[in-house]
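Asks: I'll drop the sequence and a predicted model, then ask my questions.
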Amino acid sequence: GVTLAAEEIRNLILQLKQERYLLAAEMLEDSTGPLLRKLAQPREEAEPVEACLRLLTAPSRTLPIIQRQIGSLLSPLGSCQLNTVLDAVFTRPQTDMTFYTAEDVSTGGAMLCAAADDITQRMKKILWQPDQAFVLTSGTMAVGSDFRRFKTQAGLEKGHRVMESVSPSPFDYRNNCLLYLPQIPPRQRVEDTDVYFNELTAELVGLIKAATGHALVLFTSYAAMSAVKERLWEESLPFPLLTLGRNAPHIIEQFRHTPGAVLLATGAAWEGLDFAGDGVSLLIIPRLPFAYPDAVKEKEREDYPNLREFLRSVVVPEMQIKLRQGFGRAIRTETDTCAVAVLDPRAARSRRYFQSMLEALPEMPVTGSLRAVRQFYHDRKEAGYFRLPTAG
C-alpha cells in the first residue's frame with residue numbers, strides 16, 4: 001500500500017525552502033494548502049476520502065513541474081522526499097487500489113491511504129510456495145486458540161497444510177491481574193456527549209485514586225482523549241497527568257521516570273510500548289477497540305452474505321486482537337501486578353460483547369467493586385508504591 005501524510009508534504013516544502021528553491025516551495029504550498037487543512041482534522045471528523053482525493057488534482061499538476069525543472073538538482077534527501085509524495089499522489093489512477101483515510105498517530109489528524117484490492121491473492125501466489133516452510137509467530141495472532149481471522153487475511157484458510165499451536169503464557173494472571181467492569185458503566189449517547197464524558201471522567205477519577213496513579217488510559221480516538229484530558233485537569237488530581245501526542249519519545253520517558261503518573265494515550269500506544277514494573281499498575285480501556293469503518297472494510301463486507309456474518313468473522317475478531325494488544329501493556333514481567341478496567345457498556349455483564357471480551361483476555365478474577373480494586377493494590381504492592389509524588 002501507499003500512504004500520504006501531511007507531515008511528508010510539509011517536510012518536502014521545508015526542504016525546498018532550505019535548498020533555496022523558493023518558487024517551487026511556494027507553488028507546492030499553494031496547491032496542497034486545502035488538502036493539508038483537510039488532513040489536519042481528526043480522522044473521526046474528517047470528510048469522506050473522496051473529498052480528499054479531489055484535492056489531489058492541484059498537487060498532481062504542480063509536482064510534475066517541480067520534478068521536471070529541479071528534480072535532478074535536488075539533494076538526495078530532497079529527491080527522496082519529492083519521489084515519496086509523487087508516488088502517493090499518482091497512485092490515484094490505479095483501478096486495483098482501494099482508497100481510504102487512516103489515523104495519523106504522529107499528529108492526531110488523518111492521512112490518505114491506498115491498498116491493493118487483492119493482497120490476500122498476492123500473498124497466496126507470491127509467498128506461500130509449496131516447497132517452502134514458514135514459521136509464523138505472534139502474541140496476538142489468535143483469539144484464544146482460534147486462528148481463523150489471521151488465516152483468512154493471509155490466504156491460508158484453504159489448500160495449505162497449516163499446523164497450529166498456542167503456547168500458554170508464563171504469567172500468573174489469576175493472582176497478578178484483576179478485571180474491573182463497572183456495575184453501571186458510562187453510556188455514550190450521541191445526543192449528549194458531555195454527559196458521557198463527565199460520567200467517564202468520574203469513573204476514571206475513582207479508579208486512578210484507588211490505584212494511587214500509576215495508570216495508562218488507552219483511548220480509541222484523539223477527540224475522546226482530549227475531552228477527558230480537559231476534565232481531568234479540572235479535577236486537580238495529585239498525580240502527574242501526561243498526554244501521548246506528537247512528542248512521543250519525550251512523553252514516554254517522562255512517564256517511565258515519574259512515579260504515580262497517569263498517561264493518556266491512543267493510536268500506536270495500543271502495541272509495542274513496554275512499561276515493566278509498577279509504572280502501569282492500572283490499565284483503563286474506555287471503549288472496545290473496534291476498527292474505524294473505511295473503504296477497505298466496506299469492500300471486504302461484500303464477501304459476506306450479511307452484516308451479522310461480517311461482524312462475527314471480521315469485526316469482532318479484529319477487535320479481540322486489538323484488545324489483546326492493548327492488554328499486553330499491563331503485565332510485562334512475571335512479577336508485575338495490574339488492574340485492568342474496561343468501561344465500555346457493550347462489554348458489561350450480559351451485554352452483547354461481554355463474552356467476546358472475556359475470550360480475548362487471559363483468565364483472571366472479575367469485579368465490579370472499587371473497594372475490591374483498592375484491596376487488590378493493598379494486598380500486592382509495597383508501602384512505597386502508595387507514596388504520592390512530590391512537586392518538583
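Replies: All right, it came through fine.
Asks: use CA for all of it now, contacts and neighbours both
Replies: OK.
Asks: From Arg346, how far out is Val195?
Replies: 18 Å (CA to CA, to the nearest Å).
Asks: Ok, Tyr196 next?
Replies: In terms of CA to CA, Tyr196 sits 14 Å off from Arg346.
Asks: One more: Ile208?
Replies: On the measure of CA to CA, Ile208 and Arg346 end up 22 Å apart.
Asks: what do you get for Tyr222?
Replies: Per CA to CA, Tyr222 is found 21 Å from Arg346.
Asks: Neighbour count for these two, which is higher?
Replies: Tyr222 (22 against 17; other CA atoms under 10 Å).
Asks: what are the ranges of the strands in the stretch 51-200 of the chain?
Replies: Along the stretch 51-200 of the chain, the stretches classed as strands by DSSP state E, counting those that start in this stretch are 97-103, 110-116, 177-180.
Asks: Please convert these to CSV, extending it with mean pLDDT, mean neighbour count and distance to Asp278.
Replies: CSV is the format used below for the strands of the stretch 51-200 of the chain (pLDDT from 0 to 100; neighbours: other CA atoms under 10 Å; distance: least, CA to CA, whole Å):
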stretch, mean pLDDT, mean neighbour count, distance to Asp278
strand 97-103, 79, 22, 30
strand 110-116, 82, 21, 34
strand 177-180, 97, 23, 13
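Asks: Tell me how far whichever strand or helix holds His250 lies from the chain's centre.
Replies: Assigned by DSSP states H and E, His250 belongs to helix 248-256. Per CA atoms, centre = their mean, to the nearest Å, the displacement of helix 248-256 from the mean C-alpha position of its chain is 18 Å.
Asks: and the next element down the chain from it?
Replies: Later in the chain than helix 248-256, the nearest helix or strand by DSSP H and E is strand 262-265.
Asks: ok, and what's touching that next one?
Replies: 208, 213-219, 225, 229, 239-245, 255 (CA atoms under 8 Å, 6 or more residues apart in numbering).
Asks: List the neighbouring strands of that strand plus their orientation.
Replies: Within its sheet, and counting by DSSP bridges, strand 262-265 is paired with strand 215-218 (parallel), strand 241-243 (parallel).
Asks: So what does the residue nearest in space to the middle of the chain have for phi and psi?
Replies: Geometric centre of the chain, nearest residue: Gly267, 3.1 Å, by CA atoms, centre = their mean. Main-chain torsions, Gly267, degrees, to the nearest 10: phi 60, psi -130.
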